[in-house]
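> Have a look; sequence and predicted model below, questions after that.
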Amino acid sequence: MAVYTVLIPPAPPGEAPSPERIVFLRDGFSTPAFLFGPLWLLWRRAWLPAVLWTAALALIFGAGVAFGIDPEAASVLQLALGALLGLEGPRLVAWSLERKGYTESAVMVADNIDEAEDVFFANWRPSGVVKTTVPTTTGGRAAMRPIIGGLFEEPRA
């Protein structure tokens, strides 16, 4: 089962957010982020993280040339940076969306994204209120959970 974070776009006062703009981000390791790095960030429209990631890669190459670092060591650093992006890429995309006004609404546990969307929209109320119960008619094993605070979670308004 996969875990999906649901991000809701900002909406004008008194209006419901557009369901087409709601984003479901799968938590966990992202192979495309690991393989394609900044291109994956650009595809996900995370502009600032893509620029910073490209600068970090350029810094590794520049430091390698300027300080005479072994090319194998620079390759290992790039591989480690790629693995870090594979692990934290979805969080960088979420951070980028939060900077645009999106808010985390729920955490979905489902077998695939289609099931997560079905359960979320079956329980979602356009006012932003989400029921935390799963209807018994879904027949699937998906579950909807409210956001659980972490050790260093920031307070939410």
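All right, it came through fine.

> where do the helices sit along the protein?
31-36, 38-43, 47-67, 71-99, 113-123 (DSSP state H).

> Where among those helices is average confidence lowest?
Of all the helices of the chain, helix 47-67 carries the lowest average pLDDT, namely a mean of 85.

> Tell me the helices and strands packed up against it.
helix 38-43, helix 71-99 (3 or more Cβ pairs under 8 Å, 6 or more residues apart in numbering; DSSP states H and E). Any C-beta I mention is one placed from the backbone N, CA and C, and that applies to glycine too.

> would you turn these into a markdown table with distance to Glu15 and mean neighbour count?
What follows is these, written out as a markdown table (distance: least, Cβ to Cβ, whole Å; neighbours: other Cβ atoms under 10 Å):
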| stretch | distance to Glu15 | mean neighbour count |
| --- | --- | --- |
| helix 38-43 | 29 | 18 |
| helix 71-99 | 19 | 16 |
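
> Those helices: which one's closest to Thr5?
helix 71-99 (6.2 Å; Cβ to Cβ).

> Show me what that closest one packs onto, helices and strands only.
So helix 71-99, by 3+ Cβ pairs under 8 Å, 6+ apart, packs with strand 2-8, strand 23-26, helix 31-36, helix 38-43, helix 47-67.
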